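In: Pasting the sequence and the predicted coordinates here, then a few questions.
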Amino acid sequence: MRRNALIVAVSVLHAPFGALGFPMQQSILHRGKAIRATPPAGESREERLRRRELARQDSNSDADKASSEVGTLVAQIPCACRSGNYYGACCQPVHESLGKIATPEQLLRARYSAYVQGNTDFVIATTHETHPEFTPDLDAWRAELTGFIRSVEFLTFEIVSHGVVNATMEMLTWKAQMKVLPDLLSPEKVQTKEFTERSVFVREEDSEGGGDGRWFYAGGDEDFEPTNVLVKGPKPKRGPGDRGNGDKPKARPKLKARTVAARK
């Protein structure tokens with residue numbers, strides 16, 4: 001009985017691979033010995049090799065078709081930047097080009113989508129070297145971004161205004177809502193906050209000297225006070241020395257438009 005169960009188990013393990021068309025030689029256990037499946041009667045060695053090659057090609061074709069279908073489905077989902085367009089017609093081309101083909105508004109939307117998707121490499125690749133948090137330690141930067149992304153749930157995103165400073169600098173004001181620590185806290189303790197920032201984007205010439213240059217996110221404008229407003233959830237507890245600034249964002253280095261221009 002134990003030997004029969006082993007034979008059945010081996011047959012089950014082999015069945016899925018055969019169903020997928022992979023070229024393989026099935027074997028079964030018979031009294032402790034492996035016996036290869038007998039090829040069709042009268043089949044020559046050349047015919048057998050040809051049959052295996054056709055099976056391999058069919059398998060590769062099926063895999064390519066499946067991959068293409070998955071890519072098509074991904075492109076047809078609504079874009080995370082909430083533009084109302086499909087991902088394939090919105091942020092996907094910007095992600096695939098690492099921002100090289102984006103306008104400042106497209107880049108801002110693509111960066112938000114990258115945060116939603118956890119695409120830290122895109123966030124890093126499109127950040128200007130003058131950004132206060134720019135660092136050559138990419139592993140530490142990725143870890144910090146990943147920690148932030150995992151601690152929030154992105155809810156809404158909206159571009160409020162767009163201003164052109166000059167040919168190499170533009171500013172966009174945006175706001176976004178997100179839940180803070182939704183996976184760690186009970187629902188009644190989760191806070192929903194709305195953040196607002198006026199972002200500075202600068203254009204750098206291509207290293208090869210061609211095209212119209214490439215846009216990067218350089219940080220928040222120093223002349224604009226970002227907001228961090230509690231929209232829903234429990235208010236933070238205040239200590240004896242708190243003057244009521246519980247929802248005020250912590251101080252961080254700001255970027256003034258003319259400072260970026262001076263650094264270029």
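Out: The structure has been received and is ready for your questions.
In: which stretches of this protein have low pLDDT?
Out: 1-43, 57-72, 207-211, 238-264 (pLDDT under 70).
In: residue boundaries of the strands in it?
Out: Taking DSSP state E as the criterion, the chain contains strands spanning 27-30, 33-36, 152-166, 169-180, 191-204, 214-220, 227-232.
In: Deepest-packed of these, please.
Out: Of all the strands of the chain, strand 214-220 has the most neighbours on average by mean count of other CB atoms under 10 Å, namely a mean of 22. Backbone N, C-alpha and C define where each C-beta goes, glycine included.
In: and the nearest residue to Lys175 once chain neighbours are set aside, what does it touch?
Out: Computed as CB to CB, 6 or more residues apart in numbering, the closest residue to Lys175 that is not its neighbour in sequence is Thr196, at 4.4 Å. When contacts are counted by CB atoms under 8 Å, 6 or more residues apart in numbering, Thr196 touches 160, 173-175, 226-227, 229.
In: what residues are up against Pro187?
Out: Contacts of Pro187 by CB under 8 Å, 6+ apart: none found.
In: Just give me the closest of the contacts of Thr196 to Thr120.
Out: Thr120 has its nearest neighbour among those in Trp174, at 19.7 Å by CB to CB.
In: doesn't Arg109 make contact with the closest one?
Out: No. Here Trp174 does not reach Arg109: they are 9.2 Å apart, not a contact under CB atoms under 8 Å.
In: So what's the residue count around Thr146?
Out: 12 (other CB atoms under 10 Å).
In: Give me the nearest residue to it, chain neighbours excluded.
Out: Leaving aside its chain neighbours, Thr146 sits nearest to Thr120 (6.0 Å; criterion: CB to CB, 6+ apart).
In: Can I get stretch 195-202 in CSV? Just the C-alpha atoms.
Out: What follows is stretch 195-202, C-alpha atoms only, in CSV (Å, rounded to 0.1, in the frame of the first residue of the first chain):
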residue,chain,number,x,y,z
PHE,A,195,-1.0,67.3,3.4
THR,A,196,-0.4,70.3,1.2
GLU,A,197,2.8,71.4,-0.5
ARG,A,198,4.0,73.7,-3.3
SER,A,199,6.6,71.6,-5.1
VAL,A,200,9.5,73.0,-7.1
PHE,A,201,10.6,71.3,-10.3
VAL,A,202,13.8,72.1,-12.1
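In: coming back round to it: look up how far Gly118 lies from the residue nearest to Lys175.
Out: Distance, Thr196 to Gly118, by CB to CB, to the nearest Å: 23 Å.
In: now Arg109
Out: Distance from Arg109 to Gly118, by CB to CB: 16 Å.
In: Looking at these two, which has the bigger crowd around it?
Out: Taking other CB under 10 Å, Arg109 and Gly118 do not tie; Arg109 has more neighbours (25 against 13).
In: I am finished for the moment; much appreciated.
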